[in-house]
Structure formats: C-alpha cells, structure tokens
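[1] Provide a 3D model corresponding to the input given below.
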Amino acid sequence: MILRGPAAGNGLRTGRKQAARCRSATPAVRPSRQELAWRASERRQSTKARAAQLDKEETVQEEEELKETYDVYVHEPVPLAEGVEKHVISVLVSDESGLINRVAGVCARRGANIESLAVGLTQDKALFTIVVNGSKSYVATLVKNLSKLVNVRYVEDLTGSKRVEREMVMFKVSARAGAERTEVMQLAEIFRAKINDVSDRTMTLLVSGDPGKLAALEKQLAPFGIVEMVRSGRVSLRRGELLNFQHLMPDSLRHTGVYHPQGANGNGNGANEPHTEDPALPKGDDVVTWSLDNTAVDPELGNAPPPKDTNAETSDVYFVSDKDMSGHWSVQNLLDPVFDDDMNSEYNVHTLSIEVSNTPGVLNQVTGCFARRGYNIQSLAVGPSEKPDTSRITVVVPGSDESISKLFRQLRKLVYVQSLEDLTFMPMQQRELMLVKVRCTPQQRGQVRNLEQIFRASILDISPTTVLMSLMGKAGKLRALCELLEPYGILEIARTGRIALKRDSGVDSAYLARMATQKVY
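    Below you'll find the predicted structure:
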C-alpha cells in the first residue's frame, strides 16, 4: 500500500525522528591511542610520499630541459640578414681620457650593436678592434664618422684583407672529481686550453684562438654546465709585411721614420735606442718601417704639422698637476715598465666586472659614467657572457675605495646593467692576449724562436722579413717580451684588455700576501 498526499509526508517525518532517537541513544565509540597513532603515521607517510613525488617530477622536468638546451646560454646561432656581414674595424687613436666613450657614442648614435671590443693601450696610443654587424654602406658611413673624431689617427675596415684574428676566453665549468673532471681535462688537452684554477666543484679553463675554435669548445663544454664565461674582444693584424694601414699612406711617407712602442724607459725610441751595437741586429737602413706620427710633412699632400696640444701634460679632464694634489690620475699605468700593483696605497688599480644587457648604446652609457667623473680607463674588454643577450665588460680603472663605491652606485642606476663586482681584493685570475709583429731577418729567426719558446708564445705568421706571434699572460709577462723584442724592431702590437674571473679555490699569491700566516719557530 503506497501512501500519497499528507499521510506520506507524516510517515517520513516520523521515521526520521525515530532514527535520530536511536543515534542519540547509542554511545559514541572513541578510537584508541594505537588507532590515532596509526592514522597520524598514515598521514605523515602520505605527505612524504606526495612531497617525494613532486620532487621527482621537478627533477625529471629539469633533466628534460637540460637535455633539450644544456643550459640557458646555449642557443642555435641565427643567420645574418641578407646583405649583412660581420665587419672588423681597426681604430688607432691617441690615448686620452674619455676617448673610449666618444668612440662608443658614435656607434650608439648610428645604432650599431658592438659584438666585441678590444682596447690595447700603449703609453700614448690605443688600438681599438671593433666587431659590428652591418651592410657595406652602413659600415662605410660608420668608419667615416669615426675618422672625424679628434685624436683619431686612422680608421680602417679589415674585413676583406688577409689577417690573423685571435680571441681569448675563460670558461668556469662545473666539474666534480671523477669522470666529469677527466672528460673536461681531455677536452682542454684537445683544444690546447690551460687549466688555471681547480676547486671541489668547478674548473677554470683559459684558451685563445679564432672564433670558430672557441665556439666549438663552448659547445663541447655546454653539457657539463658553464657556470661563468668571460671573453676578451677580438684582435686582428694583417698577415705578411704589410701593416694595418700602410697601403693607405702615400708613397713618400710609406718608408719614412721608424715607429716602435714605448721603450723600457718610456721615451719611445724603441729599436734605435739601446741595443744597436749588436751585429746580429738590424741597423740604419736595414730597419725599413714607417711612422705613425701624423706630424710628418708631405709635399704632395701639402699638409702641415698640427698645432701643439697644450693639455698633453695632464691628459685628464681635471687639468691638475701631480705636484698640486694626489688623485686617481697619479696611479701608474698598468703598461708602465716600472708598474707596481701596490694594494696598500690610497689609490689602487681596480678591476671591475660588469654584466649588461646586449643592447645598442649600453657601452656608451657605461663608459659615460667613467668619462663624466674624469676616470681614464686603462683596460677594457667587452664580449658575450654565458647567458644569451648578455655581455660582460671588464674594466681596469684607478681610484680610491670610496670613489669606486660611489661609481658603483651610479652604475647600478643604469637600466641595462644587471650586475657588477669589484674583483680587486678577491682571489682572482687575470690574463691578457697580445699579437706582436716584429722585424726579423732569416738569420735572426733562431733568436726570435728561442724567445717564443721561453715565453711559451705561438708563432702565427712568417714572412721574409717579419714574424707575427701571440702571447697570453699577465701584463708583466707581456711587457717583458716586448722589451726583449724591441732591439729587432716591433712593427705592430694589438692587445686585448684584461679579463678576470674570481677563483673558486679562494687562493692566489696576491691574496696570500695580504693575509697573516702561521709563524714557524
């Protein structure tokens, strides 16, 4: 019998009331302590299992990403647009405070993104080697604008000439003790790289060569994980006897005068000064080189010597003499033959590492901070870093600790500056690369070869009367080789700026010299 209507509703309500009375009459059963402990243990185990599962999923995802890209900085190269080429521009200038900023400013105003920049300084001159991408007409206009700057001796595009190109890179690779470290050491032996530093987690490799060799080594080291990479700009010299801009000079000036870099005593006489009594060395008319001095008068061109520079004694925007007051301008140049890197004085030579976004004009902004405060940059190296679309700038500049800290605050305000670090008082490794072309007759090749072996240099090119060699090392080592090669006649020098990396091992000679050691009684 099925009830419908109000009777059905009354029956349902009555059944619910009876069920509620039964539940209230039945006493609640409390779980035992063992059961509570078991439930808590189950909850903890399930939480740990979920956390372990999440960690495993994250690890698998990271491994998959690592297999696909190896690291954030490894990316496939993009072909250049049609009509665009990589151009190598050589610029010789008179060393002056703020000149690097003016050269970078010309490139920034033209919208040129500098791929690499190497500035090799002597006592009174600087050789820029700039690598930019652009069409022939675009680069021709850029060269024309650079040549209009004051104190620029010459500007030339070396792209189509036969030349020797070299670049230097420091790789800090993740390599723990075991099979990984053995493989990295084997790669270093294959590519003729030098191991500069070893820690429990990383190894630092130093290698020089053409861009293809360095790109190949970077690709092979990518699976291990490149922690940090710093590279110098590219330097380039012509092969054979022809000098970088000798063909641009008139015939009447091509073989006039003798040019050599500053000698050990800084008077610039070079080969004609100290050692001409040696019968094995060239004398007089045997030394056929040309002059870099633009004060020579050519009747065909009708040129006249330029007016005397009244600011040549100070070469600083503050125009103060060392006798009046001391400052960062009183710090010795790192290329000075008697340079002493003393860390106990008030004004020291600071090595700064600046990481910036790879954007046109960023170099002009960074160098502008130095130029506005009157700092004369002694060394500059710009090149791509380990991250994509990022470059690392290594600057050597004199100054006090207080002034450098103020400079840091100004650099941090720049939009495209990502990070910066002062490596001066840290255990670090620093190196430079130099290409030097020296006059050498067939009878003198044995002597030059002995010097090359002693300094562990590399001979890159030989002509009937010249030898071109490269050398990596600290500034003192490079100066020592130049002093020994001066009697033969140094024709050209192209050197990169100093590059530096912090040592993960935490020890170097300069750092230990400032630390207290245990006495032995």
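
[2] can we go C-alpha only for contacts and neighbour counts from here?
    OK.

[3] show me the contacts for residue 432.
    By CA atoms under 8 Å, 6 or more residues apart in numbering, residue 432 lies in contact with 168, 472, 473, 474, 475, 495, 496, 497, 498, 499.

[4] cool, residue 87 as well?
    Shown in contact with residue 87 (CA under 8 Å, 6+ apart): 131, 132, 133, 134, 139, 157, 158, 159.

[5] now with 10 Å?
    Taking CA atoms under 10 Å, 6 or more residues apart in numbering, we find residue 87 in contact with 115, 130-136, 139, 157-160.

[6] and residue 506, by the same measure?
    Contacts of residue 506 by CA under 10 Å, 6+ apart are 197, 198, 199, 426, 427, 428, 512.

[7] checking residue 150 next. Helix, strand or coil?
    Of the three states, residue 150 takes coil according to DSSP: H, G, I helix; E, B strand; the rest coil.

[8] so it touches residue 94, yeah?
    Yes. Using CA atoms under 10 Å, residue 150 makes contact with residue 94 at a distance of 9.0 Å.

[9] neighbour count winner among these two?
    The neighbour count for residue 150 versus residue 94, taken as other CA atoms under 10 Å, is higher for residue 94 (17 against 11).

[10] walk me through the domains of the chain.
    165-234, 328-427 (automatic domain parsing).

[11] so residue 115 is in which element?
    Here residue 115, judged by DSSP states H and E, is contained in strand 114-121.

[12] same question for that strand, mean pLDDT?
    The average of the pLDDT scores along strand 114-121 is 81.

[13] related to what we said a few turns ago, mind listing which of the contacts of residue 506 are in helices?
    Among the contacts of residue 506, the members found in helices (DSSP state H) are residue 512.

[14] where is pLDDT lowest across the contacts of residue 506?
    Across the contacts of residue 506, the smallest pLDDT goes to residue 512, namely 73.

[15] all strands for the stretch 401-521 of the chain, in order.
    417-422, 428-439, 458-462, 466-473, 490-495, 499-502 (DSSP state E, counting those that start in this stretch).

[16] name every strand pairing with the fourth one and say which way it goes.
    Based on DSSP bridges, the pairing partners of strand 466-473 within the sheet are strand 428-439 (antiparallel), strand 458-462 (antiparallel).

[17] show me which of the contacts of residue 432 are buried.
    168, 472, 473, 475, 495, 496, 497, 498, 499 (16 or more other CA atoms under 10 Å).

[18] pull the most distant pair out of those residues.
    Greatest spacing in the buried ones among the contacts of residue 432, by CA to CA: 168 and 475 (14.6 Å).

[19] worst mean pLDDT among the domains of the chain?
    Mean pLDDT values for these show the minimum at domain 328-427, a mean of 81.

[20] residues touching residue 150, list them.
    So residue 150 contacts 93, 94, 99, 102 (CA under 10 Å, 6+ apart).

[21] meant to ask about residue 141, not that
    Residue 141 sits next to 110, 147 when contact means CA under 10 Å, 6+ apart.

[22] thinking again about what came up before, winner for burial among the strands paired with strand 466-473?
    Ranked by mean neighbour count, these are led by strand 428-439 with a mean of 23 (mean count of other CA atoms under 10 Å).

[23] how close does the nearest residue to residue 88 once chain neighbours are set aside get to residue 474?
    Nearest residue to residue 88, sequence neighbours excluded (CA to CA, 6 or more residues apart in numbering): residue 131, at 4.7 Å. Here the criterion is CA to CA, to the nearest Å. By it, residue 131 lies 24 Å from residue 474.

[24] equivalent analysis for residue 45, please.
    Distance, residue 45 to residue 474, by CA to CA: 59 Å.

[25] over to residue 200?
    For residue 200, the distance to residue 474 (CA to CA) stands at 25 Å.

[26] hang on, the earlier thing: can I get the strands of the stretch 401-521 of the chain in JSON lines including distance to residue 218?
    As requested, the strands of the stretch 401-521 of the chain are exported to JSON lines (distance: least, CA to CA, whole Å):
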{"stretch": "strand 417-422", "distance to residue 218": "23"}
{"stretch": "strand 428-439", "distance to residue 218": "19"}
{"stretch": "strand 458-462", "distance to residue 218": "22"}
{"stretch": "strand 466-473", "distance to residue 218": "19"}
{"stretch": "strand 490-495", "distance to residue 218": "23"}
{"stretch": "strand 499-502", "distance to residue 218": "17"}
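
[27] just give me the lowest mean pLDDT stretch among those.
    Ranked by mean pLDDT, these end with strand 490-495 at the bottom, a mean of 88.

[28] greatest separation within the contacts of residue 150: which pair is it?
    Taking CA to CA as the measure, the contacts of residue 150 have their most distant pair in 94 and 102, spaced 12.6 Å apart.

[29] residue 177 touches residue 199, doesn't it?
    Yes. At 9.2 Å, residue 177 and residue 199 qualify as touching, with contact defined as CA under 10 Å.

[30] looking at these two, which is more packed in?
    Regarding residue 177 and residue 199, a neighbour count based on other CA under 10 Å identifies residue 199 as having more, with 15 against 11.

[31] specify the local secondary structure of residue 368.
    helix.

[32] now it: how far from residue 102?
    Taking CA to CA, one finds residue 368 at 9 Å from residue 102.

[33] for residue 159, same thing?
    Distance, residue 159 to residue 102, using CA to CA: 23 Å.

[34] so between those two, which is more surrounded?
    Each of residue 159 and residue 102 had its neighbours counted (other CA under 10 Å), and the higher figure belongs to residue 102 (18 against 15).

[35] host element of that one?
    Assessed by DSSP H and E, residue 102 sits inside helix 99-109.

[36] hey, what's the angle from that helix to strand 114-121? Just curious.
    Here the directions of helix 99-109 and strand 114-121 differ by 160 degrees (axes from the mean of the first three to the mean of the last three CA atoms, to 10 degrees).

[37] contact partners of helix 99-109?
    When contacts are defined by CA under 10 Å, 6+ apart, helix 99-109 is touched by residues 91, 93, 111-114, 117, 119, 126, 128, 130, 132, 142-143, 145-147, 149-152, 359-372, 376-377, 380.

[38] give me that answer again for 7 Å
    With contact meaning CA atoms under 7 Å, 6 or more residues apart in numbering, helix 99-109 is reached by 146, 360, 361, 363, 364, 367, 368, 371.

[39] same check, this time on stretch 361-380
    When contacts are defined by CA under 7 Å, 6+ apart, stretch 361-380 is touched by residues 97-98, 100-101, 104-105, 108, 118-119, 316-318, 333, 394-397, 411, 416, 497-498.

[40] mind listing what's buried in it?
    In stretch 361-380, counting by 16+ other CA under 10 Å, buried: 361-371, 374-380.

[41] now the buried members of the contacts of stretch 361-380.
    Here, 16+ other CA under 10 Å leaves 97-98, 100-101, 104-105, 108, 118-119, 316-317, 333, 394-397, 411, 416, 497-498 buried among the contacts of stretch 361-380.

[42] gap between the closest residue to residue 423 other than its chain neighbours and residue 364?
    Nearest residue to residue 423 in three dimensions, chain neighbours excluded: residue 351, at 5.6 Å (CA to CA, 6+ apart). Distance from residue 351 to residue 364, counting by CA to CA: 19 Å.
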